[in-house]
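J.: need a structure here:
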Amino acid sequence: ICAALFSFSPKPGGEGFEIYVNNKVVIQKFGNEINTVQSLQLNQYSSNDQLTIKYHHCGKVGKNRVVTIKDGQNKVLKEFCYADAATPVAAMALNVKDIVSLRKGNNNSLQLSYSSSELPDGRVLATISLTAD
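T.: Numbers count the residues shown, from 1 in each chain. Coordinates of the predicted model:
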């Protein structure tokens, strides 16, 4: 039974991330999976909803944490900076309305990226799909 339970849990100290909307996991990637970018549709959520990211740095504390939203041409639309984490996995929260407000014209796809001192080149966590209301 223990082997079955632990096979579904990320290994402690491993690199990975989780994306939540209103405290519900919508994307979870660990190990080799983190290089596969998944799409997240935000049009199904209310503008009052909250998106939260938790990044795991192999058991290290994240410093100089930045979540970046880019458009389809890789242009930075907005950066959200977070204080250094006090624990190895600290939440970074964004309001869905702040992300949706970045949509310009017919641009219905944004890129959600994360960088820190431990990950200076950054990592694309997800593409965000938006549709007009």
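
J.: List the buried residues in stretch 69-88.
T.: For stretch 69-88, the neighbour count (16 or more other Cβ atoms under 10 Å) marks 69-70, 77, 80, 82, 85, 88 as buried. (C-beta placed from N, C-alpha, C; glycine too.)

J.: who's the closest residue to Ala91 other than its chain neighbours bridged to?
T.: Computed as Cβ to Cβ, 6 or more residues apart in numbering, the closest residue to Ala91 that is not its neighbour in sequence is Thr52, at 5.0 Å. On the basis of DSSP bridges, Thr52 is bridged to Tyr20, Ala93.

J.: Let me know whether Thr52 touches Asn95 as I believe.
T.: No: contact between Thr52 and Asn95 fails when scored by Cβ atoms under 8 Å: they sit 10.5 Å apart.

J.: Which one's more surrounded, these two?
T.: Set side by side, Thr52 and Asn95 show more neighbours around Thr52, with 17 against 13, by other Cβ atoms under 10 Å.

J.: and Val21, what pLDDT?
T.: The pLDDT attached to Val21 in the predicted structure is 93.

J.: same deal with the one 4 residues further on?
T.: Val25 is assigned 95 on the pLDDT scale.

J.: Tell me who's in contact with it.
T.: By Cβ atoms under 8 Å, 6 or more residues apart in numbering, the contact list for Val25 reads 18-19.
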